[in-house]
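Asker: got a sequence here, can you build the structure:
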Amino acid sequence: MKRILIRNANIVNEGKIIRGDVYIKEGLIFSVGGDLSGYEADIDIDASGKYLLPGLIDDQVHFREPGLTHKAEIYTESKTAVSGGVTSFMEMPNTIPQSTTHELLEEKYANAAQKSLANYSFYLGATNENIETIKSVDVNNVCGVKVFQGSSTGNMLVDNPKSLEAIFRDCPILIATHSENDNIIKENLERYKKEYGENIPVKLHPKIRSEEACYDASKIVVDMARMYGTKLHVLHISTGKEVGLFDKNLPLSEKRITAEACIHHLWFSEEDYATKGNFIKWNPAIKTVEDRESILKGVLEGNIDVIATDHAPHTIEEKEQSYLKAPSGGPLLQHGLATLLEMYHDGKISLEQIVEKTSHNVAILFEIEKRGYLRAGYFADLVLVNLDDPWEVKRENVISKCGWSPFEGQKFRSKITHTIVSGHLAYENGVFNEEKKGERLKFSRNV
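Answerer: This is a model prediction of the structure:
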C-alpha cells in the first residue's frame with residue numbers, strides 16, 4: 001500500500017485541535033505529531049489551513065441491496081459515503097430478502113467485500129421467530145441486532161411481546177431499535193383518513209407518527225433493557241420528550257443504554273414540509289422546532305451519544321407520489337458532515353464535539369477494533385476538510401443512485417477534499433480511486 005504523509009493539518013482529535021502531520025503506512029496510522037517530513041511518502045498532501053478529522057462511522061444506513069437496487073446499491077452508496085467523509089458504515093437488514101439468518105447476512109458481507117469503497121458491517125434483523133439465530137450471532141464480527149418496533153420500509157415488525165422480551169433477555173450483542181408504537185400510529189392514521197380520505201397532507205406526518213408513539217415505544221425498550229441488563233441503542237431520537245430517557249452523567253464506556261440523533265432531525269423541522277414535502281418524509285417523523293432544539297441539547301449535554309444519517313434512498317418517482325403512497329427515507333450520506341460543519345459555522349456545535357459524536361463515541365459504543373481515533377497503530381480512516389470553500393447542492397452533483405437530495409439549493413461553507421479509507425486515498429477533490437475496497441469492521445467484545 002502507498003505511504004501517505006499529510007502535512008500542516010489542523011488535527012481534530014480526542015477533544016483538542018493541534019497543528020501537525022500524520023504519516024500513514026501499510027494501512028495504519030504510523031505517527032501523529034509535529035513535523036514528520038523526514039518520512040518517505042508516495043503521496044504527499046499539504047493540508048495547510050485545512051482540518052483533519054477521523055473518518056465518520058455511520059451506525060445507521062440503508063443501501064437497499066439485495067432486492068431494492070433500483071433505489072441504491074452497496075457500490076453507489078459506499079461511494080456516496082466516502083464523498084461525505086464517512087469511512088465506515090453499518091447497514092440495516094430490511095432488504096429483499098431480509099437479513100434475518102446468518103447465511104443471508106454473510107452473503108451481504110461477501111458482496112460488500114467486492115463492491116464497497118468504505119469499511120462495512122451489517123446488522124442481523126430480528127423477527128418474532130428467529131431468537132435462536134440471534135442467540136448464536138458472532139459478537140466480534142457483527143455490529144448488532146436490529147429490532148423494528150414500528151413498521152417502516154420492509155415491514156420487519158417485532159410485534160409479539162413475548163418475542164421482544166426473549167430478544168432482550170437472550171441477545172448477546174447490542175440491540176438497535178426503531179422505536180415507534182405501531183398501534184398509536186395506526187389509530188392516528190385512521191383518524192386523519194376519516195377527515196382527509198386518501199389526501200392526507202404530508203404536514204400531518206409528525207401528528208400521525210407522533211411524539212406519543214415515539215416516547216411510548218422508547219420507554220418500553222429502555223425499561224426492558226434495564227430489567228435484563230441489555231445493551232440497547234435507540235436510533236433516530238425525534239422528540240425532546242425522549243431525550244430525558246437517557247443518562248447524561250455516566251461515561252459512555254459504562255452505559256448500557258444509549259441513543260442516536262440523525263442529521264435530518266437536527267436540521268429540519270415541521271416548518272419545512274411546506275417546501276420539501278415528501279422529500280423530508282422520514283420515520284420517525286421530523287417534528288417541531290422545539291424538538292429539534294431539545295435533540296441538539298441532548299447531543300451537547302450527553303443524553304444522546306452519537307450522530308448518524310439514517311441514509312435511506314428512494315427514487316424521485318416514489319417520493320413524488322401522494323403522502324400515503326410515498327415511502328419514508330432519503331439520502332443523507334453525502335451531505336451529513338457538511339451539515340454538521342454548517343452548524344459549527346453557526347456556533348451550534350464545536351469541531352471537537354462533531355468528531356466525538358460521529359467517530360470516537362461510535363467506536364466506543366460498538367467496541368470497534370482500532371478505529372474512530374487518530375492514533376498510532378489504528379486503521380488510517382481520515383477525512384480532510386476545507387472550512388472555507390463554499391458550494392451549492394444541486395441535483396447534478398448528487399452522487400447517490402437515487403439522484404436527489406433534501407439539501408438541494410443549500411449552500412454549504414465547507415467542502416470535503418480528501419477521504420482515506422483503511423490507508424487508501426479513496427477520494428480526492430471529487431475524484432474516486434477504486435483500486436482498493438473497504439474492510440469488514442471487527443469488534444473487541446467481552447460478552
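
Asker: give me the below-cutoff pLDDT ranges for the stretch 151-300 of the chain.
Answerer: 151-155 (pLDDT under 70).

Asker: now do the strands in it.
Answerer: 175-178, 232-234, 257-262 (DSSP state E, counting those that start in this stretch).

Asker: avg pLDDT for stretch 414-431?
Answerer: If you average the pLDDT over stretch 414-431, you get 98.

Asker: now do the buried residues in that stretch.
Answerer: 414-427 (16 or more other Cβ atoms under 10 Å). The C-beta positions use only the backbone N, C-alpha and C, and glycine is treated the same way.

Asker: that stretch: end-to-end distance?
Answerer: Its start and end residues considered, stretch 414-431 measures 17 Å (Cα to Cα, to the nearest Å).

Asker: can you check stretch 24-32 too?
Answerer: 9 Å.

Asker: could I get the buried residue list for that stretch?
Answerer: 24-25, 27-32.

Asker: let me have those in JSON lines, extended by secondary structure and pLDDT.
Answerer: Formatted as JSON lines, these follow (DSSP: H, G, I helix; E, B strand; the rest coil; pLDDT from 0 to 100):
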{"residue": "24", "secondary structure": "strand", "pLDDT": "98"}
{"residue": "25", "secondary structure": "strand", "pLDDT": "98"}
{"residue": "27", "secondary structure": "coil", "pLDDT": "98"}
{"residue": "28", "secondary structure": "strand", "pLDDT": "98"}
{"residue": "29", "secondary structure": "strand", "pLDDT": "98"}
{"residue": "30", "secondary structure": "strand", "pLDDT": "98"}
{"residue": "31", "secondary structure": "strand", "pLDDT": "97"}
{"residue": "32", "secondary structure": "strand", "pLDDT": "97"}
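
Asker: and those residues as JSON lines, adding distance to residue 350?
Answerer: Shown next, in JSON lines, are the buried residues of stretch 24-32 (distance: Cβ to Cβ, whole Å):
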{"residue": "24", "distance to residue 350": "26"}
{"residue": "25", "distance to residue 350": "31"}
{"residue": "27", "distance to residue 350": "30"}
{"residue": "28", "distance to residue 350": "28"}
{"residue": "29", "distance to residue 350": "23"}
{"residue": "30", "distance to residue 350": "28"}
{"residue": "31", "distance to residue 350": "26"}
{"residue": "32", "distance to residue 350": "20"}
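
Asker: in helices only, show me the buried residues of stretch 414-431.
Answerer: Using DSSP state H, no member of the buried residues of stretch 414-431 sits in helices.

Asker: what number of residues lie near residue 311?
Answerer: Close neighbours of residue 311, defined as other Cβ atoms under 10 Å, add up to 30.

Asker: can I assume it is in contact with residue 61?
Answerer: Yes. In this structure residue 311 lies within contact range of residue 61 using Cβ atoms under 8 Å: 4.4 Å.

Asker: any common contacting residues for these two?
Answerer: Residues touching both residue 311 and residue 61 (Cβ atoms under 8 Å, 6 or more residues apart in numbering): 77, 81, 333.

Asker: so can I have CSV of the strands of the stretch 151-300 of the chain showing mean neighbour count and distance to residue 379?
Answerer: Listed next are those as CSV, based on neighbours: other Cβ atoms under 10 Å; distance: least, Cβ to Cβ, whole Å:
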stretch, mean neighbour count, distance to residue 379
strand 175-178, 25, 23
strand 232-234, 26, 22
strand 257-262, 24, 23
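
Asker: can you redo these as CSV with distance to residue 102?
Answerer: Supplementary listing: these in CSV, determined by distance: least, Cβ to Cβ, whole Å:
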stretch, distance to residue 102
strand 175-178, 17
strand 232-234, 21
strand 257-262, 25
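
Asker: so for residue 36, which of these sits nearest?
Answerer: Closest to residue 36 of the strands of the stretch 151-300 of the chain is strand 257-262 (Cβ to Cβ; 35.6 Å).

Asker: find the helix or strand that residue 88 is a member of.
Answerer: Per DSSP states H and E, residue 88 falls inside strand 86-91.

Asker: residues in contact with the closest residue to residue 70 other than its chain neighbours?
Answerer: Distance criterion Cβ to Cβ, 6 or more residues apart in numbering; nearest residue to residue 70, sequence neighbours excluded, is residue 315 at 6.6 Å. Counting by Cβ under 8 Å, 6+ apart, residue 315 touches 70-71, 402-403.
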